[in-house]
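> Sequence and predicted model, in that order:
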Amino acid sequence: MGSPSFALTVGAWIALELGLLVRDAARGRGGPAQDRGTRRLVFLALAGALALGSGLAHLFRADPGLWLPGHGTDAPLATGLGLMWAGLALRVWSIASLGAAFRLTVEVDPGQPVVDRGPYRRVRHPSYTGLLLIAAGYGVVTAVWPSLLLAVVLPLAVLVRRIHVEERALEVGLGEPYRAYETRTKRLVPGVW
């Protein structure tokens with residue numbers, strides 16, 4: 001986890017998220033809207049899972065029974081960084097596909113169209129899939145099972161809640177076009193959920 005490549009990757013992720021916060025604030029966005037506190041929950045779950053996961057990695061580094069395959073080699077770092085960059089790319093593509101409609105809070109503008117281009121052709125929440133890939137990659141870099149599980153399970157649990165809140169708002173705000181879109185696509189993983 002002390003790798004310059006890892007630091008660069010985490011720095012890129014932080015820069016992306018801070019840029020989104022600044023963009024929303026500049027546009028007068030970022031309030032509670034229909035969010036029900038889920039923006040804060042997502043942040044806390046990601047930050048908590050990654051911080052606790054780092055602590056677990058140090059705690060369990062001497063227990064070979066908890067190591068991921070390849071522990072002690074460059075394999076976990078390379079695999080984890082690959083997952084993190086794939087997640088970042090998917091998140092950026094998702095944000096670009098939504099354009100001005102993307103925001104960190106749950107808000108639906110009157111007349112907002114259903115976006116079903118780019119990664120939204122396959123799943124309804126690809127930017128969350130990207131976040132989960134980033135978190136999973138972080139967990140793989142730690143090279144111990146407890147950290148990987150925490151890095152995925154905690155954010156996933158909160159994102160499931162966020163998706164529920166967001167989809168209710170989109171169903172109400174966009175109506176039948178969004179409900180039809182829901183029947184054609186899965187939430188996070190094509191063909192699965």
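Okay, I see it.

> what residue is smack in the middle of this structure?
The centroid of the chain falls nearest to residue 131 when counting by CA atoms, centre = their mean (1.7 Å).

> Quickly note the distance from residue 148 to residue 42.
Residue 148 is 19 Å from residue 42, where distance means CB to CB, to the nearest Å. (Glycine included, C-beta is placed from N, CA and C.)

> For residue 3, give me its contacts.
By CB atoms under 8 Å, 6 or more residues apart in numbering, the contact list for residue 3 reads residue 77.

> Which pLDDT does the model give it?
On pLDDT, residue 3 comes in at 86.

> Just read off the phi/psi values of it.
phi -70, psi 140 (degrees, to the nearest 10).

> Just give the closest residue to residue 68, not the sequence neighbours.
Using CB to CB, 6 or more residues apart in numbering and skipping residues adjacent in sequence, the residue nearest residue 68 is residue 143, 4.9 Å away.

> name the helices or strands packed onto the lowest-mean-pLDDT helix or strand in the chain?
One helix or strand of the chain scores below all others by mean pLDDT, DSSP states H and E: helix 38-59, with a mean of 80. Under the contact definition 3 or more CB pairs under 8 Å, 6 or more residues apart in numbering; DSSP states H and E, helix 38-59 sits against helix 126-142, helix 145-174.
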